[in-house]
Structure formats: C-alpha cells, structure tokens
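*Asks:* A predicted structure for the sequence below; I have some questions about it.
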Amino acid sequence: MAETHGKPHSQPPERPDPCEEGGGVDLAGSAYALPSHVAGSGTLDRLVETARDYARAAASENTRLAYAKDWAHFARWCRMRGADPLPPSPELVGLYIADLAAPHGTPPALSVSSIERRLSGLGWAFAQRGERLDRKDRHIASVLAGIRRKHARPPAQKEAILPEDLRDMLATLPHDLRGLRDRAILLVGFAGGLRRSEIVSLDHGRDDTPDGGGWVDVLEGGALITLRGKTGWREVEVARGSSDQTCPVNALSQWLHHARIDFGPIFVAVSRNGGKATSERLSDKHVARLVKSCVRDAGLRPELPEKERLALFSGHSLRAGLASSAEVDERYVQKQLGHASAEMTRRYQRRRDRFRVNLTKAAGL
C-alpha cells in the first residue's frame, strides 16, 4: 500500500509511478493472473505460472530491457511536463517523438530508426498494461512521416572485414586458450554470417541451457548451426575451409577440445590464469571488443587516426564481410544471413558487381 504520512486520510494514495511498475521488464509475465470470478487451484495456479513463462519468452531479455528503458524515458518526459503517460494519448506521443527529433537544449536528436524503435517500445509497454497505442492515428503517423521526410538518411554502415583483413586479425591472436576461443569466434562469425548475439548464444547441444539461442552439430563436411531467430528456427551451414589455419570448423573443434566443452554454452569466459574455461557465457559485447582490438593490433586502415578506424568496425563487420566476399549466387548469401529479401542482403555487400546482371541488354537495347 502506498505511504500516506502527512496527508489527510480522505486523500487517496498517490498512483504508482508507471515507469516503476514491475520495472517494465517483467510486465509480460506479471500481467497473467486468474480472472477475479475464477477460484484458484493448484492446477490453475501452475498454468498461470506456465503462461507467464511463455509470455516472458515472447521477447528476448535484451528486447525487454530496451523496451523498459523506452517506457521509463517516456514516463519521465511526461512527468516533467505535468502529463500522465496513461491512458495512451496519440497527441502526447506525437509531441514526444517531435521532441526526440528536434529537442530543445542539450539532448542530441535521435535518428529516425531510433525514434521508430522508441515507438515500438511504447506500443509494447502500453500493451502489457492492457492499453493500445494506435500508431496510425494522424497525430502520430503524420508527425512520423514528416520526421522521415526531413531527417531520414541512409544508414551508417560499418566497414566489412574482408578475408585478407581476417587473416591479419587472426595472426594477432595468441596461441593459448583465449586465442583458440577468439579465433573460433571470428571464423565462425564470419563464415556463418552471424550476428554477435547469435555467436555467443550458441550451446553445445540442443536444450543445454534455458538462455541458449541455438546449438552446433560438428559433422564430417562442416558444422550445422541451428539458430532461433525472430521468425523461427533456421539452419546455417558452415563448411570446412581450404586450410586448417582459416577453417572455422577446425577452429571450433580445437576450442571445444582444449576447453573441454561438451555441454552448455560454447563461447565462455576463461579463468584469470588462462588455464581453463569457465561456465560463464560471454556477452555479445565481447565480440565487438574482440573485433576492434584485432583491427587495432592488425593495423587495418592505417591511413586513419586510431579512433576513426576503430569506429569503422563492429561485430557486424564479420557479417558484412561474408556478404561482400562470397562470390556465389546472391540467393545463397541471402539464405546464410537469414534475410527475407535480397534487398536487405545487398545492404551488407560493400563490394559487388552492381551491373553483372544487365537488364538493359537482356531487354534488347
């Protein structure tokens, strides 16, 4: 019960701060309960818990955390202007996104994609509170259309790590347990065209851990990676390379053997003395840090100051490197990256023969 010391007893307690209700993170699970007219029982109570678990699993933990931050920011913005975030008001949300695009004061303006992400977070947060945000309402849709028209720009793309770059980066790694692990991360991430979150989410076997995002089967011809994506499961085939030094399957096998990993997360932390692997799954931030440190140590793009050249690369550079380097039919690259459209795949291709298919000549001109 809310504390009411110092207030008349007739005054109702303050309404809980909407951004603190459940922290915004666990609302997907806490929203499930028995209807008030249904008597509880052991069986029904267990089903409620099961429903809550499924509701929590509908979005990843990172997504829920991001949406919780979006809601907290919106609720704080409303409070500072004497408004209430509930119930949802399209007029208020329209003003909010306008302020995100053209803020007054020190906060930097958000990109169009960041504003759209904020709207998605608000829509999710409202839904968890039993409310609905109509993004097609003219007070939101018109403002967002104007923001897109005035501020939209091509997405900033990270530099692709090409095969020659990757070989130079691998040469900077030590030949100890950490080096074996990081070599496997770079090669599997590149050859599989994997996102950094997909790399670190891999388990040794199916259903090894509750937070696993997939598993790996090492076969004679290569490694079969099964991943849980946003739209379901997909398989990624990583074939063996032309040499042991650059073969992702060989690198993965060496790491698993020397780290003695036969269950649970594949890419884990190493003890301080570097002597053994722990059971602690690596964060996806490790992949980004690894890429940047290897880029620095390999001296890639030496014509630029260090800060600028490191800013060119990220974990996504491995994914873009495969898309830019694999000289095969585009549809195979699209399948490997798990893209729904060829247009998305082309965004990852930093170098390609844009006019290899000549529709002008094919049409007879």
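*Replies:* Nice, I can see it. Please read these numbers as outputs of a predicted model, since none were measured by experiment.

*Asks:* did I read that right, Thr360 in a helix?
*Replies:* Yes - the assignment for Thr360 (DSSP: H, G, I helix; E, B strand; the rest coil) places it in a helix.

*Asks:* Could you count how many residues lie near it?
*Replies:* Residues lying near Thr360 (other Cβ atoms under 10 Å) number 8. (Each C-beta comes from the backbone N, C-alpha and C, glycine too.)

*Asks:* Let the chain start at 28 from now.
*Replies:* That works, and once the first residue is 28, the last one we named lands at Thr387.

*Asks:* quick one, what contacts it?
*Replies:* With contact set as Cβ atoms under 8 Å, 6 or more residues apart in numbering, Thr387 has no partners.

*Asks:* Likewise for the one 3 residues further on?
*Replies:* The neighbourhood of Ala390, defined by Cβ under 8 Å, 6+ apart, contains no residues.

*Asks:* Check the spacing between it and Asp356 real quick.
*Replies:* Between Ala390 and Asp356 the distance, using Cβ to Cβ, to the nearest Å, works out to 22 Å.

*Asks:* Now do the SS call for Ile188.
*Replies:* Counting by three-state DSSP, the backbone at Ile188 sits in coil.

*Asks:* Low-confidence ranges, the stretch 128-277 of the chain, go.
*Replies:* Where the stretch 128-277 of the chain drops to pLDDT under 70, the residues are 182, 257-258.

*Asks:* 80 instead, please
*Replies:* Residue ranges of the stretch 128-277 of the chain with pLDDT under 80: 180-184, 256-259.

*Asks:* show me where it has helices.
*Replies:* Remark: helices assigned in the stretch 128-277 of the chain by DSSP state H, counting those that start in this stretch are 139-155, 165-178, 190-197, 204-219, 223-227, 275-286.

*Asks:* Would you format the ones you listed as TSV with mean neighbour count and distance to Glu247 included?
*Replies:* TSV is the format used below for the helices of the stretch 128-277 of the chain (neighbours: other Cβ atoms under 10 Å; distance: least, Cβ to Cβ, whole Å):
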stretch	mean neighbour count	distance to Glu247
helix 139-155	19	43
helix 165-178	15	50
helix 190-197	18	24
helix 204-219	24	17
helix 223-227	22	23
helix 275-286	19	10
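
*Asks:* Let's have these in JSON lines, adding distance to Gly121.
*Replies:* Formatted as JSON lines, the helices of the stretch 128-277 of the chain follow (distance: least, Cβ to Cβ, whole Å):
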{"stretch": "helix 139-155", "distance to Gly121": "10"}
{"stretch": "helix 165-178", "distance to Gly121": "4"}
{"stretch": "helix 190-197", "distance to Gly121": "45"}
{"stretch": "helix 204-219", "distance to Gly121": "41"}
{"stretch": "helix 223-227", "distance to Gly121": "33"}
{"stretch": "helix 275-286", "distance to Gly121": "48"}
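
*Asks:* With respect to Tyr123, which of these lies nearest?
*Replies:* Using Cβ to Cβ as the measure, helix 139-155 is the one of the helices of the stretch 128-277 of the chain that comes nearest Tyr123, at 8.2 Å.

*Asks:* Go ahead and name everything in contact with the closest one.
*Replies:* Helix 139-155 is contacted from outside by 51, 54-55, 58, 86, 93-98, 100-101, 115, 120, 124, 127-128, 137, 159-160, 162, 167, 171, 174-175, 178-180, 182, using Cβ under 8 Å, 6+ apart.

*Asks:* again, only using 7 Å
*Replies:* Under the contact criterion Cβ atoms under 7 Å, 6 or more residues apart in numbering, helix 139-155 has outside partners 51, 54-55, 58, 93-94, 97-98, 101, 115, 120, 124, 127-128, 159-160, 162, 174-175, 178-179.

*Asks:* Filter those residues down to just the ones in strands.
*Replies:* When DSSP state E is applied, the contacts of helix 139-155 are split such that none fall in strands.

*Asks:* Buried subset of those as a PyMOL selection?
*Replies:* Of the contacts of helix 139-155, the buried ones can be selected in PyMOL as follows, counting by 16 or more other Cβ atoms under 10 Å:
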select buried, resi 51+54+55+93+94+97+98+101+115+120+124+127+128+160+174
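
*Asks:* domain parsing for this structure?
*Replies:* 45-178, 190-375 (automatic domain parsing).

*Asks:* just those: most buried one?
*Replies:* Per-stretch averages of neighbours, counted by mean count of other Cβ atoms under 10 Å, single out domain 190-375 among the domains of the chain, with a mean of 17.

*Asks:* what about that one, distance to the chain center?
*Replies:* Taking the mean of its C-alpha atoms, domain 190-375 sits 15 Å from the chain's own mean (Cα atoms, centre = their mean, to the nearest Å).

*Asks:* Let me see the contact set for His231.
*Replies:* 242-243, 288-291, 293.

*Asks:* So which other helices or strands are in contact with the helix or strand hosting Ala350?
*Replies:* Using DSSP states H and E, Ala350 sits within helix 343-352. For helix 343-352, the packing partners by 3 or more Cβ pairs under 7 Å, 6 or more residues apart in numbering; DSSP states H and E come out as helix 204-219, helix 357-364, helix 369-375.

*Asks:* Same list, those helices, but as CSV with distance to Ala78 please.
*Replies:* Formatted as CSV, the helices and strands packed on helix 343-352 follow (distance: least, Cβ to Cβ, whole Å):
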stretch, distance to Ala78
helix 204-219, 35
helix 357-364, 34
helix 369-375, 34
